[in-house]
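Q: any chance you could fold what I've pasted below:
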Amino acid sequence: MHTRLLTLAVAALAGLGLVAPASPAGASTGGTVDGDTHPNVGLIAFYDADGRFRCSATLVSPTVLVTAAHCTAGTLGKTLVTFDSVVAEAPPSPLPVAADPAAGYTSAELAAAGYLSGTAHTHPDYSDFTDLRNWNDVGVVVLDAPVTDIAPAPLAEVGTADAIRQPRQTLFRAVGYGTEVRQADTGPQKPTPMSYPIIRRYVDMPGQKITPQIIQTNGNEKDPFGTGGTCFGDSGGSLWLGEAVVGVTSYGYTENCRYLDGYQRLDIPVVADWLAGFLD
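A: Predicted structure coming up:
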C-alpha cells in the first residue's frame, strides 16, 4: 500500500500521507483547528511493504478505532495510535521509526515511545478502489489495551444517510489530521498541500450526493455553506452527521484538495455487520 492518486470517477485518495523517512504529505483545505472538540479522533501510523504512512481514525469503543481500509490493508506489525490534537507544528516528526521497518512496529517499542498500539483489520470485501458498488473502504484498529479517559464516538444507525432527501442542504463534518493547503513560503505561490503542521482539524461541508456505498461532499473552502474539505492525511478520519459518525474519509477528486470529497458509509449493512463483530 502506498499513496495512490486515482483519476476521473475515483480520483485522488484523501489520505495516506508519507510519514518517514521523507516528510509526510498531508493536507486539509480550510477548516478549524480542533483542539479538544473531537478528542476521540486520533492519528494512526503504520508500516507496509512500501514504507511508513499515516492516517486518521476514530475511537468507537474503548478498544476499537474505525478508519479506512486503505489505512489497514497490508499493515506490517502493530499500528501506532495517538489522540494528541497537535502531533507536530513543524519538522521533524516526533513519530518513532521502527527498529525493523520490514516487520513494522512492535507494541513494546510503541509503549516505550509513549504511544498506544493496536492490530489492523481490513473489511474482507474491500475492493481496493475497483468497484463502486462494493467499495467497502473501511478498516479497524483493535487496541492492545482499552482507552479509559476518552468517550468513544457513537456510530450512526443503519440507513441514516438513506433518509436524507436533499444532500446539498445537509451539512456534514469531517475530522482528521490532514495539514494545510496553502501558498509556499518561497517559490511558486500556487496553493499546495504542505507537510506541516500535523494537527487535528474539522471542516463543515454540504453534501453533494449519496450512493449505496458513498457520501460525497463539496470540499471547496470557497463554498458559501462550507468551511473546507479533506485531503492527504485525513484518510480514515470520521464524517459526522450531527452527533454520530456516518462515514470515513476515502477519496478526493483533485491533487490540491479543492473539489469533491468521498466518504465510505458506515451506516450500511455490509459495513455495520462487519463492525459489530469487533464491538460486541
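Q: so the residue lying closest to residue 153 once chain neighbours are set aside versus residue 150, what's the distance?
A: Excluding the flanking residues, the one nearest residue 153 by C-beta to C-beta, 6 or more residues apart in numbering is residue 40, at 4.6 Å. Heads up, the C-betas are built off the backbone N, CA and C, glycines and all. The gap separating residue 40 from residue 150 is 5 Å, by C-beta to C-beta, to the nearest Å.
Q: and the helices in the stretch 1-150 of the chain, which stretches?
A: 107-112 (DSSP state H, counting those that start in this stretch).
Q: so where's it shaky on pLDDT?
A: Scanning the stretch 1-150 of the chain for pLDDT under 70 picks out 1-30.
Q: one more pass at 90, please.
A: Along the stretch 1-150 of the chain, segments meeting pLDDT under 90 span 1-32, 89-93, 132.
Q: residue ranges for the strands of it, please.
A: Under the criterion DSSP state E, counting those that start in this stretch, the stretch 1-150 of the chain contains strands at 17-20, 28-30, 32-33, 41-48, 51-61, 64-67, 76-82, 86-88, 116-122, 139-143.
Q: and those as a markdown table, adding distance to residue 171?
A: A markdown table is the format used below for the strands of the stretch 1-150 of the chain (distance: least, C-beta to C-beta, whole Å):
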| stretch | distance to residue 171 |
| --- | --- |
| strand 17-20 | 26 |
| strand 28-30 | 14 |
| strand 32-33 | 14 |
| strand 41-48 | 18 |
| strand 51-61 | 19 |
| strand 64-67 | 21 |
| strand 76-82 | 28 |
| strand 86-88 | 26 |
| strand 116-122 | 30 |
| strand 139-143 | 26 |
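Q: okay if I get these as a markdown table plus mean neighbour count and distance to residue 201?
A: A markdown table is the format used below for the strands of the stretch 1-150 of the chain (neighbours: other C-beta atoms under 10 Å; distance: least, C-beta to C-beta, whole Å):
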| stretch | mean neighbour count | distance to residue 201 |
| --- | --- | --- |
| strand 17-20 | 23 | 14 |
| strand 28-30 | 28 | 5 |
| strand 32-33 | 14 | 6 |
| strand 41-48 | 26 | 10 |
| strand 51-61 | 25 | 10 |
| strand 64-67 | 28 | 17 |
| strand 76-82 | 23 | 15 |
| strand 86-88 | 18 | 11 |
| strand 116-122 | 21 | 21 |
| strand 139-143 | 24 | 21 |
